[in-house]
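1. Need coordinates for the following:
(chains A and B)
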Number of protein chains: 2
Amino acid sequence: MTENIMARILNFSAGPAALPLAVLERTQAEFIDYQGCGTSLIEQSHRGPVYSQVHQEAIDLITELAGVPDTHQVLFLQGGASQQFAMLPMNFLPEGGVGSQLVTGTWSKKAYAEGKNVAAACGASIELANPNGELPSAFVDTQLGGQVSSNAAYYSFASNETIHGVQFGHEGSPWPEVDAPVFCDMSSDFLWQPLDVSRFDFIYAGAQKNIGPSGVVVCIVRKSLLERGRSDLPTIFQYRTHAEKDSMFNTPPTFAIYMIRNVLEWVRDEGGLSAMKTRNLRKANRLYDVIDSSDFFNCPVERGCRSTMNVVFRLPTEALEAQFLEESAAQGMSGLKGHRSVGGLRASIYNAAPYEWADGLGQFMTDFAARNG
Amino acid sequence: MTENIMARILNFSAGPAALPLAVLERTQAEFIDYQGCGTSLIEQSHRGPVYSQVHQEAIDLITELAGVPDTHQVLFLQGGASQQFAMLPMNFLPEGGVGSQLVTGTWSKKAYAEGKNVAAACGASIELANPNGELPSAFVDTQLGGQVSSNAAYYSFASNETIHGVQFGHEGSPWPEVDAPVFCDMSSDFLWQPLDVSRFDFIYAGAQKNIGPSGVVVCIVRKSLLERGRSDLPTIFQYRTHAEKDSMFNTPPTFAIYMIRNVLEWVRDEGGLSAMKTRNLRKANRLYDVIDSSDFFNCPVERGCRSTMNVVFRLPTEALEAQFLEESAAQGMSGLKGHRSVGGLRASIYNAAPYEWADGLGQFMTDFAARNG
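-> Predicted coordinates for the structure are as follows:
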């Protein structure tokens, strides 16, 4: 194990992202002969008892950790959050109706654009929930949920924006309070802290940031909402299809769901979501403290809505940013380049990233500033 | 390695299915630290150089093995073949147009039903290509492709039906010859033998039978067809979206594609598709020979269209079938139960199943018949 830890780089990738080393080691150990069943888990029929147990355990762990109430159901879907950007309005936007979308960064902006594509096909519309119904000039302000028309079929937003580093659901940036069914893209901060599922009608999260590999989307859906969805869509695009078959309407991405099971057992064993929150805040504070205590670094995001998952920051010049990337890579750190659409630097520190990684980066930042400030 | 082989059961699952042991061993060995990069492959950003190379190698291997011409493009999508059942008519069935579907078993029947759902929404229709435009009473006859209306936007069929054990594209059951763009669901026999891609306009194949794990669909699409697809659909459901971004429009299922790369390197190293064909025919013949040389076993499928991938057979009574399942399981064989919709027994022997598995099953069948006949 020591050998693995030593060889491991500090992986700050925005996603697919680092997984807990203990989970990788467990997965590797049982990869060829899963629990003595004579095959790999990846070779098991999705209808057989071996995989069925894994499937149920993954659902049970999400239910237990997130406190999913009986009013809601957990689903595993495919196609990423991007497919939900289309499927949500397809299912829940009635002809001539209005859906409300808050835009706080690149991902909710994509949801807005795809929602408009769907709305155009059914004579409906998507309104911007942002103040004055306008896109903000920059996604760095505290966003307070905006306004929703009284007839909106739903209100949709992203809890965390990976590219812009803004987040809801913590001190300074509370959850939006609106009078409509609430749909939330939690792809980049699902299960980072304890969660009140009952305030949401549809949560969806691509797994590849906080809870597993790419290729599967976890949804937590209010059952009464499912019943109201359109029934004149292709079968595969109706959420009820997947709910009725417990996410086994067609072959699920079995290995990805197995990895979620393994990651969430690790989360549980580490102390659950309260422990994750403590750990994640400690990591984020370590980095924001370096940024705020130096004129060399600048975080463009207002303090109140800064992300605990994706810490974005700038250096005085782009030349220094390039030098920072080069030198940090030589120190075994990767994934620190900001998204090409915004530039700068970004450290993604999801559940699996140990405190030591944030500490190592923080120390490097301090040293770099001292040498180049 | 000997230990792994000894512990391994004879896995006849219809899918997700057995993978080559050498592929599992390679994947296990490099699971935590992929080629010295300091992370698992499953933790690598899909935009980074490490995964990008894997992605391209998987495309290159499909191109090389299947002889994909410049007129066609390889795509990796999500949602299984079932999602293509909806997306194909959504993209290529014009308003008021006609799509043609041949139904030879459960899977093409599902494609037919979903096609009708899509057609209903755009004032189009799906016609049955089967003789007389009628569903056959049983899916056990040699099917010769049926008739297609002269104005059909496309002709769609499944090359192999896993549940009914019927297959096209071999001696006795040649490829359909029709005058329309040809769409083929090759989920259960993709790359089992050399292939003339140029006769198809759209091939799609869920990976979990012949070439990898569940969670990814390989498509080989004629580029000129892509250009003709509807452009008023949600972005994510237009094939051109994925073609333009080389299957990186959104995060692909990276680990599943990596597994395809590993499996197809093994196929290449084993001698490519000609070697696979020889190996697959030898396995299928081993089992059909036992069936045909005994009155104890019965294959309900006409000889001409029997599947080389899924050998279905019956015993004299259901009680004997249950006994067969129990005793074969005690001998380390699994996945032999026929699909619940048809009963009986089924041995799925995709590329990865070694000849020794077919031989072991064949021997067991002969012994069982001698003891119970």
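
2. show me the residues around the closest residue to residue A:174 other than its chain neighbours that make contact.
-> Nearest residue to residue A:174, sequence neighbours excluded (C-beta to C-beta, 6 or more residues apart in numbering or on different chains): residue A:168, at 7.2 Å. Heads up, the C-betas are built off the backbone N, CA and C, glycines and all. Residue A:168 makes contacts with A:104, A:143, A:157, A:159-160, A:174-176, A:305, as judged by C-beta atoms under 8 Å, 6 or more residues apart in numbering or on different chains.

3. buried ones in the longest helix along chain A?
-> As assigned by DSSP state H, the longest helix anywhere in chain A is helix A:272-292. The neighbour-count check on helix A:272-292 (16 or more other C-beta atoms under 10 Å in any protein chain shown) flags A:273, A:276-277, A:279-280, A:283-284, A:286-288, A:290-291 as buried.

4. swap in stretch A:256-272?
-> In stretch A:256-272, counting by 16+ other C-beta under 10 Å, buried: A:256-267.

5. again, but for stretch A:342-358
-> For stretch A:342-358, the neighbour count (16+ other C-beta under 10 Å) marks A:342, A:344-354, A:357-358 as buried.

6. What's the end-to-end length of that stretch?
-> End-to-end distance for stretch A:342-358, by C-alpha to C-alpha, to the nearest Å: 22 Å.

7. Please see if it touches chain B.
-> No: with C-beta under 8 Å from any C-beta of the partner chain as the criterion, chain B is not reached by stretch A:342-358; the gap is at least 8.5 Å.

8. ok, the closest residue to residue A:349 other than its chain neighbours - contacts?
-> In this structure, residue A:349 finds its nearest non-sequential neighbour in residue A:283, 4.6 Å apart by C-beta to C-beta, 6+ apart. Residue A:283 sits next to A:308, A:349, A:353, A:355, A:357-358 when contact means C-beta under 8 Å, 6+ apart.

9. In CSV, list those residues along with secondary structure and pLDDT.
-> Below are these laid out as CSV (DSSP: H, G, I helix; E, B strand; the rest coil; pLDDT from 0 to 100):
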residue, secondary structure, pLDDT
A:308, coil, 97
A:349, coil, 98
A:353, coil, 98
A:355, helix, 98
A:357, helix, 98
A:358, helix, 98
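
10. Which of the residues you listed sits closest to residue A:65?
-> Each of these was checked against residue A:65 using C-beta to C-beta; the closest is residue A:308, at 17.3 Å.

11. residues contacting that closest one?
-> A:167, A:170, A:189, A:192, A:280-281, A:283-284, A:349.

12. what about residue A:370, how many neighbours?
-> For residue A:370, the neighbour count with other C-beta atoms under 10 Å in any protein chain shown is 10.

13. so it, which of the three states?
-> Assigned by DSSP: H, G, I helix; E, B strand; the rest coil, the conformation of residue A:370 is helix.

14. which one of the contacts of residue A:168 sits closest to chain B?
-> Nearest to chain B out of the contacts of residue A:168 is residue A:160 (C-beta to the nearest C-beta; 15.8 Å).
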